[in-house]
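# only the shape, not the letters, is given here:
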């Protein structure tokens, strides 16, 4: 996907799907809506990229405890439960996402 690009530019791009899990949610208009801002800093020295850093801001915190009709909480909660087998869920006393109030309000 990022072949031929500088590793220092590729690495922050590869972390974006992880950030999306924690900061994106289904809304009425978009199934993968970003609910936070991110700013990529590219550090250049004498015309060469020497590093990058990523800042995040304005996370929609209220979404954790309330979702409008037909909207969902942050993807990470559903992904964690969907990625676990039934034995691991039992060991941790967990159930499917549909059983948790904070994950089924928008249904």
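Sure, I can see it. All of these numbers come straight from a predicted model, not from anything done at the bench. Numbering: from 1, shown residues only.

# which ones are touching the residue positioned nearest the centre of the chain?
Residue closest to the average C-alpha location in the chain (Cα atoms, centre = their mean): residue 21, at 2.0 Å. For residue 21, the contact set (Cβ atoms under 8 Å, 6 or more residues apart in numbering) comprises 74-76, 79. Just so you know, the C-beta spots here come from the backbone N, C-alpha and C atoms, and that holds for glycine as well.

# three-state assignment of it?
The assignment at residue 21 comes out as helix when based on DSSP: H, G, I helix; E, B strand; the rest coil.

# separation between it and residue 106?
As judged by Cβ to Cβ, to the nearest Å, residue 21 and residue 106 stand 18 Å apart.

# related to what we said a few turns ago, mind giving me the PyMOL select for the contacts of residue 21, buried ones only?
Written as a PyMOL command, the selection of buried residues from the contacts of residue 21, which uses 16 or more other Cβ atoms under 10 Å, is:
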select buried, resi 74+75
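
# filter the contacts of residue 21 down to just the ones in helices.
Secondary structure defined by DSSP state H assigns 75-76, 79 of the contacts of residue 21 to helices.

# need the helices for the protein, in chain order.
For the chain, the helices defined by DSSP H cover 7-23, 75-82, 86-91, 101-104.

# for the residue of the chain most remote from its centre, grab phi and psi.
Distance from the C-alpha centroid of the chain peaks at residue 46, with 34.2 Å (Cα atoms, centre = their mean). Torsion angles at residue 46 (phi, psi; degrees, to the nearest 10) stand at phi 50, psi 40.

# can we start the residue count at 192 from this point?
Let's use 192 as the start, then, which means that last one is residue 237.

# now do it, the pLDDT please.
The model reports residue 237 with a pLDDT of 92.

# gap between it and residue 230?
For residue 237, the distance to residue 230 - Cβ to Cβ - is 23 Å.
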